[in-house]
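**Q** pasted the sequence and its predicted model underneath.
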Amino acid sequence: MKQHTDDVFSPIAWRDGTLFLLDQTLLPGEETWLRCDTPEKVAAAIRRLSVRGAPAIGVAAGFGLVVGLGGIADPAALGPRFDHVAALLAATRPTAVNLSWALARGRAVFEAHRAEGPAPVRRALLDWAQALHARDILTNRRIGAHGLERFATGDRVLTHCNAGGLATAGFGTAVGVITAGHRAGRIAQVWVDETRPLLQGARLTAWELERLHIPYRLVTDSSVGALMARGLVDRVVVGADRIARNGDTANKIGTYTVAVLSERHNVPFYVAAPRSTIDRATLTGAEIPIEERQAEEITEVFGTRIAPAGTRATNFAFDITPAALITGIITEVGVLEPPFERSIAGAFTGVDHGGEVDR
């Protein structure tokens, strides 16, 4: 099932009344689509990282609400069913704010149409979810357009984890910026961190860059300092799972290390994310919940044990990069610069491009 046209590959598809999600746990070796015809299947796909990346999780959850209302005929059952499905989806991943962002907007659509009955309210939710899907792709293109202005001809760019089309509805945030920069003749090469322990950089970002014909080199996470010390990195651009009001940013574990090394070596460090990833209700990064995943992701490598039996492990999925280490936050309305509290507030003034007043 191909869900792309030239540069747009989407890991989310609505076909013949059913949600399909690309199982990213099987990439790069196998392109398999999961048929998600129950909300439990959608929640399981999010939880086990078959679908991952804050924007993609939000869009998948939006479609999950539609799936969850399938088969409901009694109007009196709509409210309890919606509450159950929303709670099920909300409990999957605590750090990615796009999840709660999408569920809150889905609830507003539900409340606006619930009096019309089961079929109309489900249709309204589907229209909204499909618009959310299309809008995210447009948002990512705008992020790319704003981001490319920060790159010079011949730049060598480093990225961590995966913030491409696979992590969004399509085109990507950090990889979207890289794509726009490469097409404009400014980005010559990408350094791709492997991103331990689940290797999203090696498995996913490399897979995407290969498809996009963008030159890249895969490196171990621990190579970043050596690369920068040798003057081989000109810029860093990463994605985000949540950005606090002051600019502190939660992203895949290891991002903070890259930011510290960037400051040490005077390498500009950019975060690329839509405004839906900015959580202005969270004042600083200290308030962002950090997901801790199972120890087996560290003690095993894809099912093969690499640590002695009985080894205890701590597996934080994310870390916090302080705003002071961030050069700029690339959004669909421009590049936000320090002081971030002021520039973030300015980014939410008025009505956005989609006609929706943001929080």
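**A** Done, it's in. Numbering: from 1, shown residues only.

**Q** thought residue 154 was touching residue 181, still the case?
**A** No. Counting by CB atoms under 8 Å, residue 181 stays clear of residue 154, with 10.8 Å between them. C-beta coordinates here come from the backbone N, C-alpha and C atoms, glycine included.

**Q** more neighbours: which of those two?
**A** Of the pair residue 181 and residue 154, residue 181 is the one with more neighbours under other CB atoms under 10 Å, namely 26 against 11.

**Q** OK, contacts around the more buried one?
**A** Residues in contact with residue 181 (CB atoms under 8 Å, 6 or more residues apart in numbering) are 144, 147-148, 151, 155, 157, 187.

**Q** how far off centre is the helix or strand it falls within?
**A** Taking DSSP states H and E as the criterion, residue 181 maps to helix 174-183. From the chain centre to the centre of helix 174-183 is a distance of 16 Å (CA atoms, centre = their mean, to the nearest Å).

**Q** C-alpha coordinates for that helix, CSV please?
**A** The C-alpha trace of helix 174-183 is given here as CSV (Å, rounded to 0.1, in the frame of the first residue of the first chain):
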residue,chain,number,x,y,z
ALA,A,174,13.4,17.9,10.9
VAL,A,175,13.7,15.7,7.8
GLY,A,176,11.3,18.1,6.0
VAL,A,177,13.7,21.0,6.7
ILE,A,178,16.6,18.8,5.4
THR,A,179,14.6,17.9,2.3
ALA,A,180,13.8,21.5,1.6
GLY,A,181,17.4,22.5,2.2
HIS,A,182,18.8,19.8,0.0
ARG,A,183,16.5,20.7,-2.9
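
**Q** and it, what's buried?
**A** Across helix 174-183, burial judged by 16 or more other CB atoms under 10 Å covers 174-182.

**Q** which non-adjacent residue is nearest residue 91?
**A** Counting by CB to CB, 6 or more residues apart in numbering, residue 43 is the residue found nearest to residue 91 once chain neighbours are left out, at 7.6 Å.

**Q** who's in contact with the one you found?
**A** Residue 43 sits next to 64, 88-89, 91-92 when contact means CB under 8 Å, 6+ apart.

**Q** buried only: go through the residues you listed for me.
**A** By 16+ other CB under 10 Å, those give 64, 88-89, 92 as buried.

**Q** which residues of the stretch 101-250 of the chain fall in strands?
**A** 155-159, 187-193, 216-219, 235-238, 242-244, 249-252 (DSSP state E, counting those that start in this stretch).

**Q** are there helices or strands packed against the fifth one, and which ones?
**A** In terms of contact count using 3 or more CB pairs under 8 Å, 6 or more residues apart in numbering; DSSP states H and E, strand 242-244 is assigned the packing partners strand 249-252, strand 278-279.

**Q** give me that answer again for 10 Å
**A** helix 97-113, strand 249-252, strand 278-279, strand 318-321, helix 340-347 (3 or more CB pairs under 10 Å, 6 or more residues apart in numbering; DSSP states H and E).

**Q** so which of the ones you listed is nearest residue 286?
**A** Each of these was scored for nearness to residue 286 using CB to CB, and the closest is strand 318-321 (7.6 Å).

**Q** need the contact partners of the closest one.
**A** 94-96, 161, 238, 240-244, 247-260, 262, 269, 271, 284-293 (CB atoms under 10 Å, 6 or more residues apart in numbering).

**Q** buried subset of these as a PyMOL selection?
**A** Remark: buried members of these, expressed as a PyMOL selection using 16+ other CB under 10 Å:
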select buried, resi 94+95+96+161+238+240+241+242+243+244+247+248+249+250+251+252+253+254+255+256+257+258+259+260+262+269+271+285+288+290+291+293
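
**Q** residue 60: which of the strands of the stretch 101-250 of the chain is closest?
**A** Closest of those to residue 60 is strand 242-244, at 17.0 Å (criterion: CB to CB).

**Q** sheet partners, orientation included, of that closest one?
**A** Partners of strand 242-244 in the sheet, by DSSP bridges, are strand 249-252 (antiparallel), strand 278-279 (parallel).

**Q** now render those strands as CSV, adding mean pLDDT and distance to residue 35.
**A** Formatted as CSV, these follow (pLDDT from 0 to 100; distance: least, CB to CB, whole Å):
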stretch, mean pLDDT, distance to residue 35
strand 249-252, 97, 28
strand 278-279, 96, 32
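
**Q** redo those as JSON lines? Include distance to residue 219.
**A** Below are the strands paired with strand 242-244 laid out as JSON lines (distance: least, CB to CB, whole Å):
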{"stretch": "strand 249-252", "distance to residue 219": "15"}
{"stretch": "strand 278-279", "distance to residue 219": "30"}
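
**Q** of all those, which one is nearest residue 221?
**A** Closest among those, once you apply CB to CB, is strand 249-252, at 10.3 Å.

**Q** which of the residues in the lengthiest helix in the chain are classified as buried?
**A** The single longest helix within the chain, with elements called by DSSP state H, is helix 118-147. Buried positions in helix 118-147, judged by neighbour count with 16+ other CB under 10 Å: 118, 121-122, 124-126, 128-129, 132-133, 135-137, 139-147.

**Q** residue 298 looks like it's in a strand, true?
**A** No. Applying DSSP: H, G, I helix; E, B strand; the rest coil, one finds residue 298 to be helix, outside a strand.
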